[in-house]
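1. Give me a model of this one.
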Amino acid sequence: MENLKIGHKIKKLRELKNLTQEHMANSIGISQGAYSRMELGETEITYSKLEKISEELGMKPEEIIAFNESMVFNVMNNQTGNGLVINNNLISEIEKTHFEQQILLLKEENTHLKKVIESLLIR
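-> Below is the predicted model of the structure:
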């Protein structure tokens, strides 16, 4: 079941980047049929293959594993053509709180680092 989830995520990310199965298969050195079976969850996706796929998608393997299409993207036609629209309605309160906490921590870290830089420049 886990292969199906990862395969589905890889498929969605590949489609968002407008890449074909054939392109992905060639880039990781397997047949298009073998690649298709990975996306369908019919064959195991080894970590080494996941690394190659993630490299081709311009991502880290853990970003693929954590990808949640319903939280991040809605692909739709807009007035300027095809575009990606962030769908904020699907973020749960728990996720929202988590992101707010992370933003706060990053702001605190940023303030601290600015002070460190200033103290180094004053010397």
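2. Quick check: which ranges of this protein have low pLDDT?
-> 1-4, 69-91 (pLDDT under 70).
3. again, 90 this time
-> 1-5, 16-17, 44, 63, 65-100, 122-123 (pLDDT under 90).
4. Please enumerate the strands of it.
-> Here the chain has its strands, by DSSP state E, at 73-78, 81-86.
5. which residues of the chain fall in helices?
-> 2-16, 21-28, 32-39, 47-57, 61-66, 69-72, 93-122 (DSSP state H).
6. gap between residue 105 and residue 35?
-> 39 Å (Cβ to Cβ, to the nearest Å). (C-beta placed from N, C-alpha, C; glycine too.)
7. ditto for residue 46
-> For residue 46, the distance to residue 35 - Cβ to Cβ - is 13 Å.
8. ok, those two, which is more surrounded?
-> residue 35 (26 against 10; other Cβ atoms under 10 Å).
9. Might one say that the more buried one is in contact with residue 24?
-> Yes: counting by Cβ atoms under 8 Å, residue 24 is a contact partner of residue 35 at 5.6 Å.
10. Residue 24: neighbouring residues, count only.
-> For residue 24, using other Cβ under 10 Å, the count is 23.
11. Quickly list the domain ranges of the protein.
-> Residue ranges for the domains of the chain, per automatic domain parsing: 2-77, 91-123.
12. Now do the contacts for residue 61.
-> 47, 50-51, 54 (Cβ atoms under 8 Å, 6 or more residues apart in numbering).
13. Can I get those in TSV including neighbour count and distance to residue 101?
-> Shown next, in TSV, are the contacts of residue 61 (neighbours: other Cβ atoms under 10 Å; distance: Cβ to Cβ, whole Å):
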residue	neighbour count	distance to residue 101
47	8	30
50	18	29
51	14	30
54	18	27
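14. Out of the residues you listed, the closest to residue 112 would be?
-> residue 54 (31.6 Å; Cβ to Cβ).
15. List the contacts of that closest one.
-> 60-61, 63-64.
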